[in-house]
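S.K.: need a structure here:
(chains A and B)
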Amino acid sequence: MIWGVLQFPGSCDERDALHACEVVGGEARLIWHEDRDLSGVDGVVVPGGFSYGDYLRAGAIARFSPAMEAVAELAAAGGPVLGICNGFQVLCEAGLLPGALLRNQELRFVCKQADLVDDQGATLSIPLKHGEGRYYAPEAMLDELEANGQVAYRYADGHNANGSVRDIAGVRNERGNVVGLMPHPEHAVDPLTGSTDGRKVFEALERFA
Amino acid sequence: MPKARVLIRPKEGILDPQGKAVERALPALGFEGVGHVRVGRMVELEAEDPERLGELCEKLLANPLIEDYEIQPL
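M.R.: Below you'll find the model as predicted:
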């Protein structure tokens, strides 16, 4: 599988994302935000960072980049798209995922290892680092997401560090091929950094390639 | 070009931690009796076609899921 990793002005986790794609057995290359051509790429990672300085709202400007137009087409065609942290914010702003990310409840930037529970009930230890990671959606939308099985990852008890509604750490679209989460699976693929659970997040999307 | 001001604020019912932080800081400075503080954003702009400002707000300046906006012609 060949992954494309988007790079915006202000992205900072694209190198780790490239590495993670390779660790799980794929190939990966960077896609500059002005590049609209995704040919030869099976799936896309929208990485973390502070695209366009997070001006206006995190992800609000990045969603209008040419590369994101191509990502929307890939997503519509059923290809795998993974948004991490700022990438998750971008996908929400672009309307490719439901909901929005708000300023952390305690107004502090949080940086820590957290336990997530995936929809199979497995616990994953993955780091998070963000200031605007409080997932929000209106109650009716949340009910719908839960009924459709679109909550992909939740914070384990006591690990919701940002005040996200219903402990939601990550969601997917209805089809399941677009997934976004605030924690950073790309930082948890090597035993050197304590956990390799992040690999599972990448692997879970391979079937859509 | 016609000038306008756009006020953007968190939707009613959405927790606004910035507003809360400001509110909690006030009594320490001697400002008692101030409540329901909400912190938003203001954008000033000039638009050739003010008719399109609503669309512009919906698409970029505000996220309608979490924010309300108000356009004030100047």
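
S.K.: Extract the residue ranges of chain A that are flagged as low pLDDT.
M.R.: Of all residues in chain A, none has pLDDT under 70.

S.K.: A:W32 contacts A:S65, doesn't it?
M.R.: No: using C-beta atoms under 8 Å, A:W32 and A:S65 do not qualify as a contacting pair, with a distance of 9.3 Å. From N, CA and C alone the C-beta is placed, and that goes for glycine too.

S.K.: what about the two, which has more around it?
M.R.: In terms of neighbours (other C-beta atoms under 10 Å in any protein chain shown), A:S65 is the more surrounded of A:W32 and A:S65; the figures are 22 against 13.

S.K.: Look up how far B:P10 lies from A:V165.
M.R.: Distance from A:V165 to B:P10, counting by C-beta to C-beta, to the nearest Å: 14 Å.

S.K.: Likewise for A:Q89?
M.R.: For A:Q89 relative to B:P10 (C-beta to C-beta), the value is 16 Å.

S.K.: quick one, which of the two is more surrounded?
M.R.: Applying other C-beta under 10 Å to A:Q89 and B:P10 shows that A:Q89 carries more neighbours, namely 30 against 20.

S.K.: What about the closest residue in space to that one that isn't next to it in sequence, how many residues nearby?
M.R.: Using C-beta to C-beta, 6 or more residues apart in numbering or on different chains and skipping the chain neighbours, the partner closest in space to A:Q89 is A:G59 (3.4 Å). By other C-beta under 10 Å, the residues close to A:G59 number 29.

S.K.: Likewise for B:Q18?
M.R.: Using other C-beta under 10 Å, B:Q18 is surrounded by 14 other residues.

S.K.: ok, and what's touching the lowest-mean-pLDDT helix or strand in chain B?
M.R.: Counting by mean pLDDT, DSSP states H and E, chain B has its least confident helix or strand at helix B:17-25, which shows a mean of 93. By C-beta atoms under 8 Å, 6 or more residues apart in numbering or on different chains, the residues outside helix B:17-25 that reach it are A:103-107, B:10, B:34-39.

S.K.: quick one: which of those residues is nearest B:L56?
M.R.: When those are compared for distance to B:L56 (C-beta to C-beta), B:P10 wins out at 19.5 Å.

S.K.: Would you map the helices across chain A?
M.R.: Counting by DSSP state H, residue ranges of the helices within chain A are A:14-23, A:66-76, A:86-93, A:139-147, A:198-203.

S.K.: actually chain B, not the one I wrote
M.R.: Using DSSP H, helices in chain B cover B:17-25, B:53-56.

S.K.: Buried residues in the longest one, which are they?
M.R.: Meaning helix B:17-25. Neighbour-count burial for helix B:17-25 flags B:17, B:19, B:23 (criterion: 16 or more other C-beta atoms under 10 Å in any protein chain shown).

S.K.: Just give the nearest non-adjacent residue to the first one, would you?
M.R.: What that stands for is B:P17. A:L107 (4.9 Å).

S.K.: ok, how many other residues are close to the one you found?
M.R.: By other C-beta under 10 Å, the residues close to A:L107 number 11.

S.K.: give the contact list for the closest residue in space to A:Y55 that isn't next to it in sequence.
M.R.: Once flanking residues are discounted, A:Y55 sits nearest to A:I61: 5.9 Å by C-beta to C-beta, 6+ apart. By C-beta under 8 Å, 6+ apart, the contact set of A:I61 is A:51-52, A:55.
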